[in-house]
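*Asks:* Quick check, what structure comes out for this input:
(3 chains, ligands or ions: 8)
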Amino acid sequence: MERAQGGDIDTQLLEPVLKTGWPWFVTVFIAGLVFLGAIGAFGYQLYWGLGVWGIKRPVFWAFDITNFVFWIGISHAGTLISAILRVTGAEWRRPVTRCAEAITVFALMIGALFPIIHLGKPWLFYWLIPYPNVRGLWPNFRSPLAWDFFAINTYLLGSIIYLYLPLIPDLALLRDKSRGKRRRGVYALLSLGWRGTELQWDRLERAVRVMAVIIIPVAVSVHTIVSWDFAMAIRPMWHSTIFGPYFVAGAIFSGIAALILAMAVIRRVFHLEGYLRPVHFNNLGLLLVTMSLIWFYFTFAEYLTTWYGNQPEEMAVFLSKVTGSYAPLFWTMVAGCFLIPVPILAFKRSIKATVIASVAVVVGMYIERFLIIVPTLSHPRLSYNWSTYSPTWVEVMLTIGPFAYFVILYAVFVKLFPIIAVWEYKEGLRLEGRNLEIGSSAAATAD
Amino acid sequence: MKRREFIILSGVGATGASLLTACGHPEEKLIPVLIPDDEFVPGVDYWKASTCRLCSAGCGIVVRTREHRANKIEGNPFHPVNRGTLCARGQAGLELLYNPDRITKPLKRAGERGEGKWQEVSWDQALSELTTRLRDIKAKGSADKVALAVDTTGGVTGLASELFMSAYGSPLLIAEDVLDHAWAQLGHSESQPQGPSRMPVFDIANCRYLLSFGARFLESWVSPVLYSRAYAEFRRATNKPRGKFVQIEPRMSMTGANADEWIPARAGSHRLIAWAIAQVIVREKLVSNVPPLPQGFPEDGSHGTTPGDVASFLERYAPEGIAESSGIEPDQIIRIAREFAGSGASLAVGDGLILTGPNKQTADWFDQKLAINYLNTLAGNLEKPGGLSFRNRAADPFQLLRTSSAINWQPLPRSQMSGPLEALLLAGSNPVYQAPQLKPLIASVPFIAACTAFLDESASLADLILPVDSYLESWDLLPVASAGDAVASIGRPVVKRAYDTKSAAEILLVLAREFGSSVETSPELLIKSVAERISGKHDSQDWWDTTLERGVLTTTGSASPTEQERAAPIALSERSSAGTSATVRALSGMIEFARDSQHGEGYDVTLIAYEPGALGSGQPAILPTLQELPDPMTSVMWGSWVEINPRTAESLGIKDGDVLEVRTANGAVTAPALIYPGIRPDTIAMPYGQGHGQYGRYASRRGVNVCELIPRNVNPFGETLAVPARVTRVGSGGQLIRFGTELMEHMESRR
Amino acid sequence: MSTNKPQWGMVIDLDRCTGCEACVVACRVENNIPTVGPDQASRGRSINWIRIERYFEGEFPDVKVKFRPVLCQHCEQAPCEPVCPVYATYHTEEGLNAQVYNRCVGTRYCANNCPYTVRFFNFYDPHRDAPLDQALNPEVSTRTRGVMEKCTFCIQRIRKGEEKAKDEGRPVRDGDVVPACVQTCPTHAMYFGNLADPSSEVSRLSKSNRGERLLEDLGTRPRVIYLKKGD
Ligand SMILES: Nc1nc2c(c(=O)[nH]1)N[C@H]1C(S)=C(S)[C@@H](COP(=O)(O)OP(=O)(O)OC[C@H]3O[C@@H](n4cnc5c(=O)[nH]c(N)nc54)[C@H](O)[C@@H]3O)O[C@H]1N2
Ligand SMILES: Nc1nc2c(c(=O)[nH]1)N[C@H]1C(S)=C(S)[C@@H](COP(=O)(O)OP(=O)(O)OC[C@H]3O[C@@H](n4cnc5c(=O)[nH]c(N)nc54)[C@H](O)[C@@H]3O)O[C@H]1N2
Ligand code: SF4
Ligand code: SF4
Ligand code: SF4
Ligand code: SF4
Ligand code: SF4
Ligand SMILES: [Mo]
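*Replies:* Ligands and ions are numbered 1, 2, ... in the order given. Have a look, this model is predicted:
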């Protein structure tokens, strides 16, 4: 695909924002229906109680927390990848960053819902918020759930800022290019009076750079803390020091896959073939295969030590996954996370190949989350209490719904903001020596 | 101390079975009958003593009431049977009192029989309809075609039944519990003036070697609480070595699960094994004294009195010879014989119908009891601590009121039942459930009246329903088993009647009066006068109040045992005279036949059925808490199952939870398979208690009624006999609701 | 122990326990534990604060069975406590693992981190067909949906016993507090009392050489001591 250059960039990149065709409405409508279904399911759950789920004693967590971990994991697509790429100055990143950052924010918004949805009394979620209340009680800061609260909120806030900062010049561009008073006003407001002065550019770049550096440890800490929800608990195959890095690696892994999928869709739908080019898929594919190897290494290490240690309680969980009732899921996971993507990506990183690999990875990683939670819970130490689990339609709806929600959020986002950072893209071209107007006014670049 | 100074119950239970006089703890009072309104304090707990009637053991209870509502039942610390403790069933009793499915008013059938349409009527109307009907029948000269079926032969209901039937002039008094089972049998003999009046007491607490032939004394049997207490002593009394307990039974019961050794003998082979053990003891001269055989042995009529006679009789039971039919290795029998003879205080006990009086219906089993009991004689434990003693039942509390004409309690169907009946009266009995095969017969009786608390399978066929009290609302006086000078346990109302009900005893007493009896019609006054007569106290309100506070009636008025309660030992030969007749042998022969014919008829396994501790023979199935109580061995709730050995299951391609059809000569049922390691591969087992067609919302249509397969009273042995059965897998996905996990996955548990 | 409050503990003699489950029912009725019905029971929602775990060992005919009553072990180092984000489960000065129903928001984290699986969640609002509700114990609050519950060592009985001792101006002693399960046990397999009082029965028994604690190696320091079978 030819790389997009020159004056049609603005038009092409702003087109999704400025023009809306019927497919967009159809997509949003269908996703909206599914999403409404999920809201209905949640309402049903609120009305009757958590009994409408398939959870039971002792499998007290299942799809709720699987979804939570999965979406928080997906959120790492974004910020982390874009930040790492930014910090390391990977030039090919330019058309990818915004796409990734948006994923982060939306995935986080979804992920953060699950700790609330999963409560027995969701309407009391604010009891987890540290504020001086009538009960004279602070949350228990020793609880990893309280840590989650901080970590997720910090990350969400950070990600929003990190998404927002690089949006500013593009918002200004939109302010200038869009028709309609109200629209212009909103963009004007959001662009914070961006004029593209040298000072502004300087500040923006500094802020973005600082945020990029900050967001990396935040992202790492978030998924580490999520992993600690499990690792802090003395449950067989949970209580493991490897969980922090293992989860972070898994998060980045699934995040990249999600990013590839999002990019492929956007590219197709909005005809951005000139921007999201095979090289991006190739590079992300390389990252994906790297993460797959890392994931495999962690998984292997984790299972090997468990198996070698041969402690009965651990082995109960281990065997249930590897040969027992969860084996079909387990081996699907291994296939999805390793056996399928690695050979594909090792030889071919075309768009199609990376997309196939990414689908496998997303599915595999979803299963991985499930397999971390449910088999352990269904095999408590006192084996009289062993059990099995299967979901109800409510949980299924609450699992599918967020995907629809994600689509909606993304679709709306694409309608409001350019999904490819226009100025960054141009800056990239500029750095390659092509004189282009960046942002709303003539760019005064550093050189 | 003035009686009005209430007695408080301090630390009811395990450690503090002491009563202290009141001093400042008004919130816990143990009080007599109903509190006068002027003394009633809201928010205060009043504890009232009564008697549990959820099984025939008759444990003493105290009921915590507050604001006229009962909210907890506990064991009565004074009570000689249970000393403050209770079994699972006894704990759940309030759900009977407050059961949502109780019948609240007298009902008259409005539609077709069994259609379920009822019309509420007043008590006056109901009773007058009943008496009119009975009068008409009597006038026709058909009084002897009226049958009364009651659930218990004991207590005031049993007495009232006798009084009514003799006044009315019918001999057809039917009790389901007269057959076989020890406790029921004893209650029976109690109420039968000419029956034996001594009962065996097994001193499990003090024996050191306990050999049990299927006696499930920890979960059912005679008195589960009493014998659980004894068992605890047996296990861990201070200054006494831990006893050894061997259980012989085809299917591991909860009791068997507590044994040090569980020996899965073939169903029906207990008799052989008992004789075989005796044979080893005699041939190895493990005891110095060889007592004569029970009367009737050997079967040729010669009475075996000399050691030589005994030895030659026992010859045929040598362990080597019975290995095949019992499924037990000779070595094992020889070892047990040696242990049994050598452990100082050994005791042998047998299942349900042990050591009961001569009774033709139970003759075959009687043979088994004789064999088991011969072991006790060999061990020389009669009337010794840790042995078997016979205790004169303290005078039957109702002796003086008994009618002189002999009432013949009978088991249910029998010839009379099949003859044309004019009327059938039911009092707590549910024959349609116990013997579903009899349903057409029962349904054809022209008039049926049921005194019942619930619309069960039988009551739903009735023309007239007289709603009865729960045991927490009614009076009773029950003989106390195996303990001290206590004569009887007093059951009395602990709360006011919740509905427009009467006690079954009262109804029967009123009917008796109607037909000429002169006995008091109020159970309360009747019981009081009996109690006064027994204790020799008259018109002493304080004494009566104290007695009610304690819930136990003693001969002396004190709580300590008297020595003269202990009777002289009776020789077994005395008791067996009538039992071991030709019938015995004929029936024994039939047992053998039944076993031999198994294969011929295409029946490949033996089915045994048992009464599970909580749901028993089905009556407690109405209590939701017991329905949801995990079975101790299988952890199943709310249903039935078929226990099957893992190997058998594998060979038949049966997996845990598969639906099985179990077929016997009597019928077939389907229930989920439960892989059970503790059962012989040639045997399957099913619990009684479920499968009610109609019996309130908690019991109805849940599981299967095993009586379809082994009908009570219909088979010639009149016992929960093992029967040949065929088991086929008919599908998968049967509903097994379990609290714990399935059994097989964790047969090797670390902890 | 740095407090002079009683330190409640329980001893369970496995050699006496027959598995009869009287304790299970006693606990249910004393503590207003709801019956959930067959449908919910089949989905693993039935509640028994105390249960009898039954383990089969060996193969026919050498089958052995072990029964073990398991209730909340009131761990001194209770893993369920730190994970609760709202302090709905916490340790009292008397060594009880307390559960405050009103404070619980139903994360179920505590249950996941309890190695003994003794915590039970109210998946629905409990329902009792009238007039079964008449039998409710007025001294124990009923629970609503969305909250965790578990054995409290019969806190209502502890309070009563303590008050009584206080009224009589003496420290609590054996027999003052008898939880429902202990009270009913036909074999007297269970003992309850003050572990801080060296003369109490539980103190004495806890030093038995048959004594063991469940999953002792986890360092939870349970307040329930089991006495093994055997001599
Ligand atoms: N908790 C509780 N207590 C009860 C009752 C109750 O339901 N629950 N019911 C009360 C009443 S009414 C009674 S009658 C008693 C009954 O109490 P039990 O006498 O214990 O009667 P069953 O339950 O019939 O158990 C008899 C034993 O015989 C075995 N068995 C079955 N068939 C055969 C056979 O053909 N041959 C041999 N050798 N053994 C066989 C069974 O496996 C079982 O171990 O319990 C009384 N106590
Ligand atoms: N096949 C087979 N059948 C058996 C047995 C067996 O081992 N095998 N066991 C037999 C034995 S040993 C016995 S004792 C019998 C027991 O047989 P029954 O004594 O007939 O017991 P159930 O049918 O369980 O209960 C009878 C009725 O009691 C009523 N009821 C419940 N609570 C109360 C109350 O408080 N007051 C009154 N008045 N009525 C109440 C109920 O309506 C119920 O229908 O079963 C016998 N049936
Ligand atoms: S053994 Fe149980 S059911 Fe029978 S009387 Fe005693 S407490 Fe009641
Ligand atoms: S009541 Fe006692 S003997 Fe029965 S199961 Fe409970 S602890 Fe064991
Ligand atoms: S047993 Fe479980 S619930 Fe009880 S204190 Fe210990 S960890 Fe907490
Ligand atoms: S379920 Fe309740 S008690 Fe348990 S951790 Fe959550 S909020 Fe705390
Ligand atoms: S101590 Fe009380 S709450 Fe705990 S199991 Fe026993 S009866 Fe239930
Ligand atoms: Mo019976």
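
*Asks:* Helices of the stretch 201-350 of chain A, start to end?
*Replies:* Across the stretch 201-350 of chain A, reading from the start of the chain, the helices by DSSP state H, counting those that start in this stretch fall at A:243-269, A:278-309, A:312-322, A:327-334, A:341-347.

*Asks:* Show me where the stretch 51-200 of chain B has its helices.
*Replies:* Counting by DSSP H, counting those that start in this stretch, the stretch 51-200 of chain B forms helices over residues B:88-91, B:94-97, B:123-139, B:155-168, B:182-191, given from the N-terminal end onward.

*Asks:* Dump those helices to a markdown table, plus mean neighbour count and distance to C:Gln40.
*Replies:* Every C-beta, even on glycine, is put in place using the N, C-alpha and C of the backbone. Output for the helices of the stretch 51-200 of chain B, formatted as a markdown table (neighbours: other C-beta atoms under 10 Å in any protein chain shown; distance: least, C-beta to C-beta, whole Å):
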| stretch | mean neighbour count | distance to C:Gln40 |
| --- | --- | --- |
| helix B:88-91 | 30 | 21 |
| helix B:94-97 | 24 | 18 |
| helix B:123-139 | 16 | 39 |
| helix B:155-168 | 27 | 37 |
| helix B:182-191 | 24 | 36 |
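
*Asks:* As JSON lines, those with distance to chain A and mean pLDDT would be great.
*Replies:* Conversion of those to JSON lines gives the following (distance: least, C-beta to the nearest C-beta, whole Å; pLDDT from 0 to 100):
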{"stretch": "helix B:88-91", "distance to chain A": "18", "mean pLDDT": "97"}
{"stretch": "helix B:94-97", "distance to chain A": "23", "mean pLDDT": "97"}
{"stretch": "helix B:123-139", "distance to chain A": "44", "mean pLDDT": "96"}
{"stretch": "helix B:155-168", "distance to chain A": "40", "mean pLDDT": "88"}
{"stretch": "helix B:182-191", "distance to chain A": "33", "mean pLDDT": "31"}
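
*Asks:* sorry, back to before: tell me which of the helices of the stretch 201-350 of chain A sits nearest to C:Val172.
*Replies:* Between C:Val172 and the helices of the stretch 201-350 of chain A, the tightest spacing by C-beta to C-beta is seen for helix A:312-322, at 37.6 Å.

*Asks:* So the closest one, near chain C or not?
*Replies:* No - with C-beta under 8 Å from any C-beta of the partner chain as the threshold, helix A:312-322 lies outside contact range of chain C, at a closest distance of 9.1 Å.

*Asks:* follow-up on the earlier one: the helices of the stretch 201-350 of chain A: which one's closest to B:Arg135?
*Replies:* Comparing the helices of the stretch 201-350 of chain A by C-beta to C-beta, helix A:312-322 comes nearest, at 72.3 Å.

*Asks:* In the host helix or strand of A:Leu33, which residues are buried?
*Replies:* Under the criterion DSSP states H and E, the helix or strand holding A:Leu33 is helix A:22-48. Neighbour-count burial for helix A:22-48 flags A:24, A:27-28, A:31-32, A:34-35, A:37-38, A:41-42, A:45 (criterion: 16 or more other C-beta atoms under 10 Å in any protein chain shown).

*Asks:* how about the helix or strand that comes right after it, does it reach ligand 6?
*Replies:* Next along the chain after helix A:22-48, taking DSSP H and E as the criterion, comes helix A:63-87. No - for a cut-off given as C-beta under 6 Å from any ligand atom, helix A:63-87 has no contacts with ligand 6; the smallest distance is 12.7 Å.

*Asks:* Provide the angle between the direction of helix A:63-87 and the direction of helix A:243-269.
*Replies:* Helix A:63-87 and helix A:243-269 are oriented at 80 degrees to each other (axes from the mean of the first three to the mean of the last three C-alpha atoms, to 10 degrees).

*Asks:* what's the average pLDDT for helix A:63-87?
*Replies:* Here the mean pLDDT over helix A:63-87 is 88, rounded to a whole number.

*Asks:* Now do the contacts for whichever residue of the stretch 101-250 of chain A sits closest to ligand 5.
*Replies:* Per C-beta to the nearest ligand atom, the residue of the stretch 101-250 of chain A with the smallest distance to ligand 5 is A:Ile234, at 9.3 Å. Under the criterion of C-beta atoms under 8 Å, 6 or more residues apart in numbering or on different chains, the contact list for A:Ile234 reads C:79, C:113, C:115, C:218.

*Asks:* now the buried residues of helix A:22-48 as JSON lines including pLDDT and distance to B:Ala449?
*Replies:* As requested, those are arranged in JSON lines below (pLDDT from 0 to 100; distance: C-beta to C-beta, whole Å):
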{"residue": "A:Trp24", "pLDDT": "89", "distance to B:Ala449": "78"}
{"residue": "A:Thr27", "pLDDT": "91", "distance to B:Ala449": "74"}
{"residue": "A:Val28", "pLDDT": "94", "distance to B:Ala449": "72"}
{"residue": "A:Ala31", "pLDDT": "96", "distance to B:Ala449": "69"}
{"residue": "A:Gly32", "pLDDT": "96", "distance to B:Ala449": "67"}
{"residue": "A:Val34", "pLDDT": "97", "distance to B:Ala449": "63"}
{"residue": "A:Phe35", "pLDDT": "97", "distance to B:Ala449": "64"}
{"residue": "A:Gly37", "pLDDT": "96", "distance to B:Ala449": "58"}
{"residue": "A:Ala38", "pLDDT": "96", "distance to B:Ala449": "60"}
{"residue": "A:Ala41", "pLDDT": "97", "distance to B:Ala449": "54"}
{"residue": "A:Phe42", "pLDDT": "96", "distance to B:Ala449": "56"}
{"residue": "A:Gln45", "pLDDT": "96", "distance to B:Ala449": "52"}
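
*Asks:* gap between the two ends of stretch B:289-309?
*Replies:* 14 Å (C-alpha to C-alpha, to the nearest Å).

*Asks:* give me the residue from chain C nearest chain A.
*Replies:* C:Gly106 (1.7 Å; C-beta to the nearest C-beta).

*Asks:* Tally up the residues packed near the spatially closest residue to that residue that is not a sequence neighbour, please.
*Replies:* For C:Gly106, ignoring the flanking residues on the chain, the nearest one in space by C-beta to C-beta, 6 or more residues apart in numbering or on different chains is A:Gly120 at 1.7 Å. When counting by other C-beta atoms under 10 Å in any protein chain shown, one arrives at 21 neighbours for A:Gly120.
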